[in-house]
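Trainee: sequence and predicted structure are below.
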Amino acid sequence: MSQRNPRTSPRPRTMAAGSPCPCGRPESYGDCCGRLHSGTAAASTAEQLMRSRYSAFAVGDRDYLLRSWHPRTRPSDLDLDARTQWVRLEILSTGEGTPFHNEGTVAFRAVYRENGREGELVEHSRFLRHDGAWVYLDALPE
């Protein structure tokens with residue numbers, strides 16, 4: 001039996017459906033990203049998928065992150081550091097990625113706190129439709 005790093009989260013943290021959604025939208029988690037995480041809804045845009053993936057990092061939903069990753073670039077496993085607290089998401093720009101497109105980009109800034117210090121991740125992500133669903137492909141080089 002393999003052992004997980006004690007700093008990683010082996011399963012998602014419980015989040016009440018009525019809690020504010022981590023992605024920053026005004027809807028509750030249950031009405032926003034929680035529907036995508038549970039599989040009762042699918043992202044209709046690249047931005048919606050990006051927001052749901054940020055929320056998955058925030059709640060530690062490793063399985064959703066892997067499911068929403070393009071099979072060509074998806075890692076075989078993903079360990080999430082339980083010490084990282086995702087604080088805020090800001091969408092900087094979007095390109096295509098609407099219900100009428102097959103590819104799109106989303107640039108974002110994600111603020112996190114780790115070991116009492118705040119940091120940020122800035123990324124320009126690419127998304128594609130795979131088998132009809134939006135998936136994360138990769139980050140564009142800077």
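Mentor: Arrived safely, thanks for sending.
Trainee: switch to C-alpha atoms for all contacts and neighbour counts from now on
Mentor: OK.
Trainee: any idea how far the residue most central in space within the chain lies from residue 62?
Mentor: Centroid check for the chain by C-alpha atoms, centre = their mean gives residue 53 as the closest residue, at 1.1 Å. Per C-alpha to C-alpha, to the nearest Å, residue 53 is found 10 Å from residue 62.
Trainee: pretty sure the residue nearest to the centre of the chain sits in a strand.
Mentor: No. Assigned with DSSP: H, G, I helix; E, B strand; the rest coil, residue 53 falls outside any strand and is helix.
Trainee: that one against residue 65, yeah?
Mentor: Yes. Under the criterion of C-alpha atoms under 8 Å, residue 53 makes contact with residue 65 at 6.1 Å.
Trainee: tell me, how many residues neighbour residue 17?
Mentor: Close neighbours of residue 17, defined as other C-alpha atoms under 10 Å, add up to 15.
Trainee: and for residue 34?
Mentor: A count of nearby residues for residue 34, using other C-alpha under 10 Å, gives 22.
Trainee: for stretch 66-79, buried residues please.
Mentor: Neighbour-count burial for stretch 66-79, counted by 16 or more other C-alpha atoms under 10 Å, picks out 66, 68-70, 74.
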